[in-house]
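# below are the sequence and a predicted model for it; my questions follow.
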Number of protein chains: 2
Amino acid sequence: MSEENVVYIGNKPVMNYVLAVVTQMNSGVSEVILKARGRAISRAVDVAEIVRNKFITDVQLGSIDISTEEIKNSEGRDSNVSTIEIQLKK
Amino acid sequence: MSEENVVYIGNKPVMNYVLAVVTQMNSGVSEVILKARGRAISRAVDVAEIVRNKFITDVQLGSIDISTEEIKNSEGRDSNVSTIEIQLKK
């Protein structure tokens, strides 16, 4: 699976990411992975739910994986952050 | 599955919920479901990750489901909120 099928969820409004997913799916991509970490995890779930309930109703949820990444925080110390990957497919 | 195996994740510190899950599992329960909605979804993922990485390393992730609930907001209007259910099992 190529990197262009991944939508990284950050701190922008939810609809920005919904539009990104809908655009990709309408361009012929049959599978999109949403990736988020930390507080953006809730937003990733919102994006998945809005896409499949409001925009592309034949999209199905695929696998949902959660994990932990080690990152350096602003003070240079290691800290752990949770991540989620949500697969959407037609 | 009985209701006592469900841990609802709200706005308290993450470790409160980690402790609730660890206590249940150490009391002989083999399966706990974490439920959260809205912004608490990120915290539910944190709880699952901390329990299985730091406290009970033989716990495994079971199914992870996301969904949408309709709730009345403070102005009495219907609004949608995303939900997550994370199954942890030994």
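It's in. Numbering: from 1, shown residues only, chains lettered A, B, ... in the order given.
# name the residues of stretch A:32-46 that are buried.
With burial defined by 16 or more other C-beta atoms under 10 Å in any protein chain shown, the residues of stretch A:32-46 counted as buried are A:32-46. Any C-beta I mention is one placed from the backbone N, CA and C, and that applies to glycine too.
# residues from chain A in reach of chain B?
Counting by C-beta under 8 Å from any C-beta of the partner chain, chain A comes close to chain B at A:38-42, A:45-46, A:48-49, A:53, A:61, A:64-68, A:80, A:82, A:84, A:86.
# what are the ranges of the strands in chain A?
Defined through DSSP state E, the strands belonging to chain A, from first to last, are A:6-8, A:31-37, A:60-72, A:78-89.
# give the buried residues for the last one.
Along strand A:78-89, these residues count as buried under the neighbour rule (16+ other C-beta under 10 Å): A:Val81, A:Ser82, A:Thr83, A:Ile84, A:Glu85, A:Ile86, A:Gln87, A:Leu88.
# just the pLDDT for the residue nearest to the second one when sequence neighbours are not counted.
Right, A:Ser82. Here the nearest residue to A:Ser82 in space, its sequence neighbours aside, is B:Val45; by C-beta to C-beta, 6 or more residues apart in numbering or on different chains that works out to 4.4 Å. What the model reports for B:Val45 is a pLDDT of 98.
# can you pull the contacts of B:Val45?
A:Ile41, A:Ile66, A:Ser82, A:Ile84, B:Ile84, B:Ile86 (C-beta atoms under 8 Å, 6 or more residues apart in numbering or on different chains).
# if I look at it, how far off is A:Glu75?
Distance of B:Val45 to A:Glu75, computed by C-beta to C-beta, to the nearest Å: 24 Å.
# other residues contacting the longest helix anywhere in chain A?
When every helix of chain A is counted residue by residue (DSSP state H), the longest turns out to be helix A:14-26. The set of residues external to helix A:14-26 that reach it, using C-beta under 8 Å, 6+ apart, is A:4-5, A:7, A:9, A:32, A:34, A:43-44, A:46-47, A:50-51, A:55-56, A:59, A:88, A:90.
# run a quick neighbour tally on A:Ser74.
Look at A:Ser74: counted by other C-beta atoms under 10 Å in any protein chain shown, it has 6 neighbours.
# just checking, A:Val51 touches A:Asp58?
No - because the distance of 11.0 Å does not satisfy C-beta atoms under 8 Å, A:Val51 is recorded as not touching A:Asp58.
# neighbour count winner among these two?
Neighbours were tallied for A:Val51 and for A:Asp58 using other C-beta under 10 Å; the higher tally belongs to A:Val51 (24 against 8).
# need the per-residue pLDDT for the closest residue in space to that one that isn't next to it in sequence.
Closest residue to A:Val51 in three dimensions, ignoring its sequence neighbours and counting by C-beta to C-beta, 6+ apart: A:Val21, at 5.1 Å. For A:Val21, the pLDDT comes out at 96.
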